[in-house]
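K.L.:
next comes the sequence, and after it the predicted model I'd like to discuss.
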Amino acid sequence: MQALDPSDSPQSGSPLLPLTLPQAGTRRILLGLLQGLLLYGLYRAAKVHAWPSTASLLFMPLVLVTLFVPPLLISGMGHMPRRRLILWGVAAALVLAGLGCYDAWRTLDLPLPQPDPDAPGSRYSGLAGVSRPLFPTTALVFFTAAGLFIAHSLMLAGTRERRRIASYAAHFDSAWTLGVQLAFSALFTGVSWLVLLLGAQLFELVKLKFLTELMRESWFAIPVTVFAFACAMHLTDMRPAIVRGIRSLLLVLMSWLLPVAVLLIGGFLATLPFIGLAPLWSTKHAASVLLVAAAAFVVLINAAWQQGGDGKDVARVVRGAARIAALLVAPLVLIAVYALFLRVRDYGWTGDRVSAAACMLVAGCYAAGYFYAGVRPGWLPALARVNIGTAFVVIGVLLALFSPLLDPARISVNSQLSRLASGKARADTFDFAFLRFDGERFGRAALDRLARTAGGADAELVRRQVAFVRKMQSPWQRDMPQPPVDLAANLRVHPDGTRLPDTFLRTDWSLKENLSLYPDCLRRAERVCDAFLLDVSGDGKPEVLLFRNSTVHRTQYAGPDSLVLAQDAQGSWSAYASLSMPAFDCKHVYDSLAAGKVATLPSTVEDLEIGGERVRVTPIVPGATCHEARP
């Protein structure tokens, strides 16, 4: 690739000067090392919960800027004038800072449980009780990388031709060359770590583990990884002919996949008039697969078309396949749009559907442009304008998605609340957990509003659902509370004539934390438990001893689950203890429970006090299982 020395400012139309190693090489390597040190500093601050990780509105922008701006500068050094490169870096940093601030704001109070702080890639702080996200969302990082790749390619092409919008040939060369450079840089970084791993294994053969322990240290691993990537970017830039050769070979190989793709995808489309669209809708991911197929067509068409021209050097079968593929992109996108329309009509917007709609907007630009190119004579002459125009559309769509303009969380929360208010979604089936875990800040605020303003026949149910999801420990705990059950009907109290306390019967057990501790008979209708009033704690107040499934399935002798429920000083009932059962005949136990033959006994083992803390001692009973009675 021709390059421009950063110290030069050539006049328009003058040839670009070659890259100079002493200037660009040294600066790139130093910048890569500096980036590695900064990333380690941010990682260390997050791990020990030190500033600036304590200020998410500052920390997330710093992470994004440190992660992406140095590679932009490294790639642009030697190819862009110094002033233009600095302006481009500052502009990118400002945009990234804005996106990072908004990402921090929208997820700042997201109430998720804390993962292991030492786990690699952990997005959350490791301080107990703190649930503030520290690092940008995965989607933001991924799509930021994609958007910056497109924008940087446009900048490099414009710099090369001294134009705001360069020719398509320059854009094509910049984008594909940069893509090959990034791929080989990532490969070089991975191979570098394999070499380090090999060296560590060799040293371990002679009982020296210093290199293995060194590779485990974050202060070594992070700077070395970034430094290796920066060196690879420079080395690939110093051999542009090799990069172009690899790129050309890759494009030729990919172009020959186009006839195969046309045969497969075209055959799929040809079957739809006979089998209909119903099988597609039953998969619930048809739109995603169709968009991937359309994207594959776009990539393969460009691999065959490359920079256009007369196409005489392209095989006739590949040219024919490219024209057919350009026409087939449109039906793929139209079916995907229809699938999304049906889902939104029936179930409203979700974050994934908003993102899918954004992808379909981009895909629609490609579909319309490629269809127009496919029906025109010549070697797809309109692709250049379509590709350049759609590149700007992609950047605009990404900025809108990760800013307040088209925030998927905000749109989806408003859509689902509208469905609930209009009656399209019933309160007993509405996914309130979605608001808390997928609706970001907007969903949490919506839960607060619903708890305050819920009205109508479902008001009490809505408040119970909101109270439940606020106690959920993870987004996968979707066992929503049922309407309050009649505990008196579910519990067989022993001995006969005994009545459970009114405070116990009025307790809404579905709103308790650690819901799995409590038997189903406390939360669901038609589930039976045996209940006994016993003073298990010895404080003079009775506790409730529950045996689950003690009188059902008499022929299947499953061990009875047991739980002791106690009332605290505030009058609230909760789990107090469980029972350790010795080996016994289950039928005998069931019959004894039904007859009310249960009493308390003094403990045979004393508890311990260790350092002022009470430690409960539980006797070990051999064969502590319930076995079936033998005839």
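P.N.:
Alright, I've got the coordinates. Numbering: from 1, shown residues only.
K.L.:
sec struct for residue 104, please.
P.N.:
With DSSP: H, G, I helix; E, B strand; the rest coil as the basis, residue 104 sits in helix.
K.L.:
that one against residue 60, yeah?
P.N.:
Yes: if you go by CB atoms under 8 Å, residue 104 and residue 60 touch, sitting 4.1 Å apart. (C-beta placed from N, C-alpha, C; glycine too.)
K.L.:
which residues are in contact with both of these two?
P.N.:
Residues touching both residue 104 and residue 60 by CB atoms under 8 Å, 6 or more residues apart in numbering: residue 136.
K.L.:
between the two, which is the more surrounded one?
P.N.:
residue 60 (29 against 23; other CB atoms under 10 Å).
K.L.:
retrieve the pLDDT associated with the more buried one.
P.N.:
We have a pLDDT of 93 for residue 60.
K.L.:
that's a strand at residue 301, yeah?
P.N.:
No: according to three-state DSSP, residue 301 belongs to no strand; its state is helix.
K.L.:
could I get the full set of strands for the stretch 401-550 of the chain?
P.N.:
Using DSSP state E, counting those that start in this stretch, the strands of the stretch 401-550 of the chain run over residues 491-494, 529-534, 543-548.
K.L.:
strands of the chain, start to end?
P.N.:
Secondary structure of the chain (DSSP state E): strands at 491-494, 529-534, 543-548, 561-567, 573-577, 584-585, 608-610, 613-615, 626-627.
K.L.:
export these to TSV and tack on mean neighbour count, distance to residue 167 and mean pLDDT?
P.N.:
Putting the strands of the chain into TSV (neighbours: other CB atoms under 10 Å; distance: least, CB to CB, whole Å; pLDDT from 0 to 100) gives the following:
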stretch	mean neighbour count	distance to residue 167	mean pLDDT
strand 491-494	19	81	84
strand 529-534	21	78	84
strand 543-548	22	75	83
strand 561-567	18	74	82
strand 573-577	16	72	86
strand 584-585	15	87	54
strand 608-610	9	79	75
strand 613-615	8	76	71
strand 626-627	15	81	51
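K.L.:
in JSON lines: those, plus distance to residue 238.
P.N.:
As requested, those are exported to JSON lines (distance: least, CB to CB, whole Å):
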{"stretch": "strand 491-494", "distance to residue 238": "79"}
{"stretch": "strand 529-534", "distance to residue 238": "76"}
{"stretch": "strand 543-548", "distance to residue 238": "72"}
{"stretch": "strand 561-567", "distance to residue 238": "70"}
{"stretch": "strand 573-577", "distance to residue 238": "68"}
{"stretch": "strand 584-585", "distance to residue 238": "80"}
{"stretch": "strand 608-610", "distance to residue 238": "67"}
{"stretch": "strand 613-615", "distance to residue 238": "66"}
{"stretch": "strand 626-627", "distance to residue 238": "75"}
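K.L.:
quick one, which of those strands is nearest to residue 600?
P.N.:
strand 529-534 (5.3 Å; CB to CB).
K.L.:
what angle do the closest one and strand 543-548 make?
P.N.:
Put simply, strand 529-534 runs at 160 degrees to strand 543-548, going by axes from the mean of the first three to the mean of the last three CA atoms, to 10 degrees.
K.L.:
strands paired with strand 529-534, and their directions?
P.N.:
Counting by DSSP bridges, the strands paired with strand 529-534 are strand 491-494 (parallel), strand 543-548 (antiparallel).
K.L.:
which regions of this protein lie under the pLDDT threshold?
P.N.:
Within the chain, the segments meeting pLDDT under 70 span 1-22, 109-133, 475-484, 549-561, 580-591, 593-596, 604, 618-631.
K.L.:
quick test: name the residue nearest the centre of it.
P.N.:
By CA atoms, centre = their mean, the chain has its centre lying nearest to residue 138, at 5.9 Å.
K.L.:
now that residue: how far from residue 328?
P.N.:
32 Å (CB to CB, to the nearest Å).
K.L.:
before we move on, what about residue 295?
P.N.:
As judged by CB to CB, residue 295 and residue 328 stand 13 Å apart.
K.L.:
with neighbour numbers in mind, choose between the two.
P.N.:
Counted by other CB under 10 Å, residue 295 and residue 328 do not tie: residue 328 has more neighbours, with 23 against 16.
K.L.:
out of the strands of the chain, nearest to residue 512?
P.N.:
Counting by CB to CB, residue 512 lies closest to strand 573-577 out of the strands of the chain; the figure is 6.6 Å.
K.L.:
just the CA trace of the closest one, in PDB.
P.N.:
Extracted C-alpha coordinates of strand 573-577, given in PDB (Å, rounded to 0.1, in the frame of the first residue of the first chain):
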ATOM      1  CA  TRP A 573     -42.100 -16.300  58.900                       C
ATOM      2  CA  SER A 574     -39.200 -17.900  57.000                       C
ATOM      3  CA  ALA A 575     -37.100 -21.000  56.800                       C
ATOM      4  CA  TYR A 576     -35.400 -21.900  60.100                       C
ATOM      5  CA  ALA A 577     -33.900 -25.400  59.800                       C
END
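K.L.:
tilt between it and strand 543-548?
P.N.:
Relative orientation of strand 573-577 versus strand 543-548 (the same axes, to 10 degrees): 80 degrees.
K.L.:
strand 573-577 versus strand 561-567: what angle between them?
P.N.:
Going by the same axes, to 10 degrees, strand 573-577 makes 130 degrees with strand 561-567.
K.L.:
elements contacting strand 573-577?
P.N.:
Applying 3 or more CB pairs under 8 Å, 6 or more residues apart in numbering; DSSP states H and E, one finds that strand 573-577 contacts strand 561-567.
K.L.:
partners of the strand it packs on in the sheet?
P.N.:
Take DSSP bridges as the rule and strand 561-567 pairs in its sheet with strand 543-548 (antiparallel), strand 573-577 (antiparallel).
K.L.:
can you count the residues close to the closest residue to residue 309 other than its chain neighbours?
P.N.:
Leaving aside its sequence neighbours, residue 309 sits nearest to residue 379 (CB to CB, 6 or more residues apart in numbering; 7.0 Å). For residue 379, the tally of surrounding residues (other CB under 10 Å) stands at 18.
K.L.:
is residue 379 in contact with residue 306, as I believe?
P.N.:
No: look at residue 379 against residue 306 with CB under 8 Å: they stay out of range, at 10.4 Å.
K.L.:
what about the helices in the stretch 151-300 of the chain?
P.N.:
For the stretch 151-300 of the chain, the helices defined by DSSP state H, counting those that start in this stretch cover 168-205, 210-215, 218-237, 240-255, 258-275, 278-283, 286-305.
K.L.:
so which of those helices gets nearest residue 536?
P.N.:
Of all those, helix 218-237 sits nearest to residue 536, with 50.1 Å by CB to CB.
K.L.:
quick check: angle from that closest one to helix 168-205?
P.N.:
Interaxial angle, helix 218-237 versus helix 168-205 (the same axes, to 10 degrees): 140 degrees.
K.L.:
I'd like to check the angle between helix 218-237 and helix 240-255, please.
P.N.:
If you take the same axes, to 10 degrees, helix 218-237 sits at 90 degrees to helix 240-255.
K.L.:
restricting to C-alpha, output helix 218-237 in CSV.
P.N.:
Extracted in CSV, the C-alpha atoms of helix 218-237 (Å, rounded to 0.1, in the frame of the first residue of the first chain):
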residue,chain,number,x,y,z
SER,A,218,-2.1,-9.6,34.4
TRP,A,219,0.7,-6.9,34.5
PHE,A,220,2.6,-9.1,32.0
ALA,A,221,-0.2,-10.7,29.9
ILE,A,222,-2.1,-7.5,29.0
PRO,A,223,0.8,-5.3,27.8
VAL,A,224,2.4,-8.2,26.0
THR,A,225,-0.8,-9.0,24.1
VAL,A,226,-1.3,-5.5,23.0
PHE,A,227,2.4,-4.9,22.2
ALA,A,228,2.4,-8.0,20.0
PHE,A,229,-0.7,-6.8,18.1
ALA,A,230,0.9,-3.4,17.5
CYS,A,231,4.1,-5.0,16.2
ALA,A,232,2.1,-7.2,13.9
MET,A,233,0.2,-4.2,12.5
HIS,A,234,3.5,-2.5,11.7
LEU,A,235,5.1,-5.6,10.2
THR,A,236,2.1,-6.3,7.9
ASP,A,237,2.1,-2.7,6.8
